[in-house]
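Enquirer: what's the 3D shape of this:
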Amino acid sequence: MNDLHTWLSEQHHGLRTCRTFQQKLETLGRDDPEQRGLCRLLSSLVGSYVEAFDEAPVPVAVADDAYHRLLTLLASIDPKGDASRRLADINRVAESELWQ
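Expert: Numbering: from 1, shown residues only. Now for the predicted structure:
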């Protein structure tokens, strides 16, 4: 997850970045089965954001807020945590929204 956070922090906050992020999550989930569930949840979270604005301009304030929420969420995930920490991370991602 740290690599994803680093990569994302260097990207523009547009929808194309979100789509690429989903591809990276798919690869990570395939390469690291222990992270597969979390990767799918993150991909779903980003996917709902992409679907909501696909083919429409995203207001800059909304895009900035969503980008920072995703960065904050990624920074809070501890992929090496014990089972209770990992479950807490999964639940936090499942409850999250990038935009409202």
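
Enquirer: Contacts only, for Ala63.
Expert: Contacts for Ala63 (CB atoms under 8 Å, 6 or more residues apart in numbering) come out as His13, Gly14. C-beta: built from backbone N, CA, C; applies to glycine.

Enquirer: And the residue positioned nearest the centre of the chain, how far from Ala61?
Expert: Residue closest to the mean C-alpha point of the chain, counted by CA atoms, centre = their mean, is Leu42 at 4.3 Å. Relative to Ala61, Leu42 is positioned 23 Å away (CB to CB, to the nearest Å).

Enquirer: give the contact list for the residue nearest to the centre of the chain.
Expert: Going by CB under 8 Å, 6+ apart, Leu42 touches Leu25, Leu73, Leu74, Val93.

Enquirer: separation between the second one and Ala56?
Expert: Using CB to CB, one obtains 24 Å as the distance from Leu73 to Ala56.

Enquirer: more crowded one of those two?
Expert: Applying other CB atoms under 10 Å to Leu73 and Ala56 shows that Leu73 carries more neighbours, namely 18 against 8.

Enquirer: State the three-state secondary structure for that one.
Expert: helix (DSSP: H, G, I helix; E, B strand; the rest coil).

Enquirer: again with the one 5 residues further on
Expert: Of the three states, Asp78 takes coil according to three-state DSSP.

Enquirer: I'd like to know how far the nearest residue to it once chain neighbours are set aside sits from Tyr67.
Expert: Excluding its sequence neighbours, the residue lying closest to Asp78 (CB to CB, 6 or more residues apart in numbering) is Arg85, at 5.4 Å. Between Arg85 and Tyr67 the distance is 25 Å, computed by CB to CB.

Enquirer: go on, Leu42?
Expert: Counting by CB to CB - Leu42 and Tyr67 are separated by 14 Å.

Enquirer: Ok, Leu25 next?
Expert: For Leu25, the distance to Tyr67 - CB to CB - is 16 Å.

Enquirer: higher neighbour count, those two?
Expert: With neighbours defined as other CB under 10 Å, Leu25 and Tyr67 compare such that Leu25 has more, 24 against 20.

Enquirer: before we move on, which element is that one in?
Expert: Assigned by DSSP states H and E, Leu25 belongs to helix 15-31.
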